[in-house]
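Chemist: Model the following, please.
(2 chains)
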Amino acid sequence: MSRFLKVAALSVGAALALSQPLQAGSLGLGTPATPEEIAGWDIDVRPDGAGLPEGRGTVAEGEAIFSEQCAVCHGDFGEGAGRWPVLAGGQDTLTSEAPVKTIGSYWPYLSTVYDYIHRAMPYGNAQSLSADETYAVVAYLLYLNDIVDDEEFELSKENFASIRLPNEDGFIDDGRPDTPLASEAPPCMSECKAEVKITKRARIIDVTPEDDGEVSGMAVD
Amino acid sequence: MSRSSKSHDGPANPSRRGLLKAGIAGAGLVAGAGLARAAGGDPANLPPNVADWSRYLGPGVDAAPYGMPSEHEAQVVRRSVEWLTASRESSINFTPLHELDGIITPNGLCFERHHGGVAEMNPTDYRLMINGLVDKPLIFTLEDLKRFPRVNRLYFLECAANSGMEWRGAQLNGCQFTHGMVHCVMYTGVPLKYLLEEAGLKTNAKWIMPEGGDAAGMNRSVPIEKALDDCIVAFKMNGEALRPEQGYPARLVVPGWEGNMWVKWLRRIEVGDMPWHAREETSKYTDLLEGGKARRFTWVMDAKSVITSPSPQAPILHAKGATVLTGLAWSGNGRITRVDVTLDGGKNWHEARIDGPSLPKALHRFYFEFDWDGSELLLQSRAHDETGYVQPTKDALRAVRGTNSIYHNNGIQTWYVKADGGVENVEIS
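Modeler: Sure, this is the predicted structure:
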């Protein structure tokens, strides 16, 4: 079976909306990626631990790295300096008016912490932490979030998958559409309501307010 | 500029400073009928006089090898709201929707959202790696990509956080700020399917993980069905090379789905058998509901619309009489089939006129021409798409989701037009 057919069989239900130029399998383009090339770029880590490198680091080692390379933005205890992201705390805030989403209160998987810190932090010097340093910083963040309580705790490739984050079960699938379709509730076109009142007005008339505090806590994403 | 007469300064017009900052000094919420026309223009250039440009030669060809807009359009720029984010390198700015028409966004006005600044990538050093569950891990150069069969497709790109500030109530005064995290351009590129076929998908290939070459290493999980359906690796927008801030030299196009997945500066695609649960699909881009649970993998951008003029940054500057209302509508699920507009806050609705191409997962332009009697108006638009979806009210969304979702706010927008033509962002009963 040609590769094209295999792919077509895989794309169950996918509407092939794109016009299809005649193409007999492989065009022979691109060059094979060598194991060394892949190793340098293949940095992702999955919840099942796939992608984790060999390595280890303790809470205490992580604390030293964190105060040197992270605390300036995220605060000594992950509380966030100024308006930089908060990394710890926020437990029991998800139903409040101002949820604080952190590794401890919101993130479902520890692998994401490893993956993200290694690929994107410290901000402005990404991919600079060694595997051992990353394990150590992740261990320290577990400590700051009360998920481990021993400063001697060592996180490694071996015990990584045994750590579960508190909000792992906090996620559900996309429930949309979650408002009525036209067939269920045809929209009204005339004499739809007797009176109309303004209930809310733009809170920020000036789009560039001088007072930062006015909107602190709001985030665009 | 001469129109911004003194009489509009002062406490009677609190929004004036904001409008100035938003760059429409001179729009000045003109009160009187006919004022705009009378005040506009230097008599020396108006009939019966003959203007200088009608007499003397202007600049020749090549005065601007890459042409730029007229100096009189200097206010038509992307704008950011500085206090929204802690750092300029992980921030956003907004498309000036109120200044645009048609359905194509000019490249230089497409909003920006970066997580680690703009990667300044050299095209000769560009590489796209495909690895993971493939028969043959491959590396493509930009020239390799250009040897695959190409397609041209027009798609909108909307950030999932567009209108995210408005969940708790009206916030920002201007559709640039409430709705400007959307743009629509013509992409040229290679169907992702061809690249995956070239590497050969293994039978257990279920997901792909596109990854950016920027300092954020942006990564997301995309189901293989979508990857093989309509995703494109694009290297051109509106006919020219991608702009650096849009992912030069190549980005992923994920039609109809949230902008964060359209990975820019695309350097790698890994094929796998389960999702990665990257930071941008767990910590961010998940939708927290009222009970404390959060929806994840909320990819599609539902049908949405907004009136771009009149709007707070585009007040009515003319006297009562013939008035053009215009706006944009779009759906991540296909074509827009109808847009309704109301002038009276939803008591009565009218079907707007969609003009220009109606393409799936692209912006649609609508118009409603009416005879303004000079009284106050409450404007709204309501989009319908080909799946039978109807754009909901903001209250309907809050009733099912609460106010902590941040993302996917596609609720109906209300603009309050005052008798003086000024416009404010409001919500109504």
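Chemist: What are the buried residues along stretch B:205-214?
Modeler: Neighbour-count burial for stretch B:205-214, counted by 16 or more other C-beta atoms under 10 Å in any protein chain shown, picks out B:A205, B:K206, B:W207, B:I208, B:M209, B:P210, B:E211, B:G212, B:G213, B:D214. For glycine as for every other residue, the C-beta is placed from the backbone atoms N, C-alpha and C.
Chemist: Quick check: the first one touching B:V134?
Modeler: Yep, that's B:A205 we're talking about. Yes - B:A205 is within contact range of B:V134, at 7.4 Å (criterion: C-beta atoms under 8 Å).
Chemist: okay, and the common contacts of the two?
Modeler: Common neighbours of B:A205 and B:V134 (criterion: C-beta atoms under 8 Å, 6 or more residues apart in numbering or on different chains): B:L196, B:V271.
Chemist: backbone phi and psi for B:I354, please?
Modeler: Here is the backbone geometry of B:I354 (degrees, to the nearest 10): phi -90, psi 130.
Chemist: now the buried residues of stretch B:205-214 as TSV including secondary structure and pLDDT?
Modeler: Shown next, in TSV, are the buried residues of stretch B:205-214 (DSSP: H, G, I helix; E, B strand; the rest coil; pLDDT from 0 to 100):
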residue	secondary structure	pLDDT
B:A205	coil	98
B:K206	coil	98
B:W207	strand	98
B:I208	strand	98
B:M209	strand	98
B:P210	strand	98
B:E211	strand	98
B:G212	strand	98
B:G213	coil	98
B:D214	coil	98
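Chemist: can you tell me which of those are up against chain A?
Modeler: Residues of these in contact with chain A (C-beta under 8 Å from any C-beta of the partner chain): B:A205, B:M209, B:E211.
Chemist: which one of the residues you listed sits closest to A:T31?
Modeler: B:E211 (19.0 Å; C-beta to C-beta).
Chemist: can you pull the contacts of the closest one?
Modeler: Contact analysis of B:E211 by C-beta under 8 Å, 6+ apart lists A:D44, B:G217, B:M218, B:N219, B:V263, B:L266, B:R267, B:R268, B:I269, B:E270.
Chemist: Can you tell me which of those residues is closest to B:V233?
Modeler: Among the contacts of B:E211, and counting by C-beta to C-beta, the member closest to B:V233 is B:L266, at 6.4 Å.
Chemist: quick check: domain ranges of the chain?
Modeler: Answering for chain A, as no chain was given. Split into domains by automatic domain parsing, chain A comes to A:38-168, A:193-221.
Chemist: that's the wrong chain, I meant chain B
Modeler: Following automatic domain parsing, chain B resolves into domains at B:97-295, B:304-426.
Chemist: how about those in JSON lines, adding distance to A:L27?
Modeler: Compiled in JSON lines, the domains of chain B are given as follows (distance: least, C-beta to C-beta, whole Å):
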{"stretch": "domain B:97-295", "distance to A:L27": "6"}
{"stretch": "domain B:304-426", "distance to A:L27": "28"}
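Chemist: which residues of chain A score low on pLDDT?
Modeler: Within chain A, the stretches with pLDDT under 70 are A:1-25, A:204-221.
Chemist: quick one, strands of it?
Modeler: Under the criterion DSSP state E, strands of chain A are mapped to A:31-32, A:56-58, A:154-156, A:171-173, A:198-201.
Chemist: Now do the contacts for the residue nearest the centre of chain A.
Modeler: Nearest to the mean C-alpha position of chain A, by C-alpha atoms, centre = their mean, lies A:T112 at 6.5 Å. Contacts for A:T112 (C-beta under 8 Å, 6+ apart) come out as A:P47, B:H277, B:A278, B:R279, B:T282, B:S283.
Chemist: swap in A:A50?
Modeler: Counting by C-beta under 8 Å, 6+ apart, the residues that A:A50 touches are B:G272.
Chemist: same thing with A:Y123?
Modeler: Contacts for A:Y123 (C-beta under 8 Å, 6+ apart) come out as A:C73, B:S87, B:E89, B:S90, B:G116.
Chemist: now do 7 Å
Modeler: Residues in contact with A:Y123 (C-beta atoms under 7 Å, 6 or more residues apart in numbering or on different chains) are A:C73.
Chemist: any idea how far it lies from B:A160?
Modeler: Counting by C-beta to C-beta, to the nearest Å, the gap from A:Y123 to B:A160 is 22 Å.
Chemist: give me the number of residues near the closest residue to A:P85 other than its chain neighbours?
Modeler: The shortest distance from A:P85 to any non-neighbouring residue, by C-beta to C-beta, 6 or more residues apart in numbering or on different chains, is to A:H74 (6.5 Å). Neighbours of A:H74 under the rule other C-beta atoms under 10 Å in any protein chain shown: 23.
Chemist: A:H74 contacts A:W84, correct?
Modeler: Yes - if you go by C-beta atoms under 7 Å, A:H74 and A:W84 touch, sitting 5.9 Å apart.
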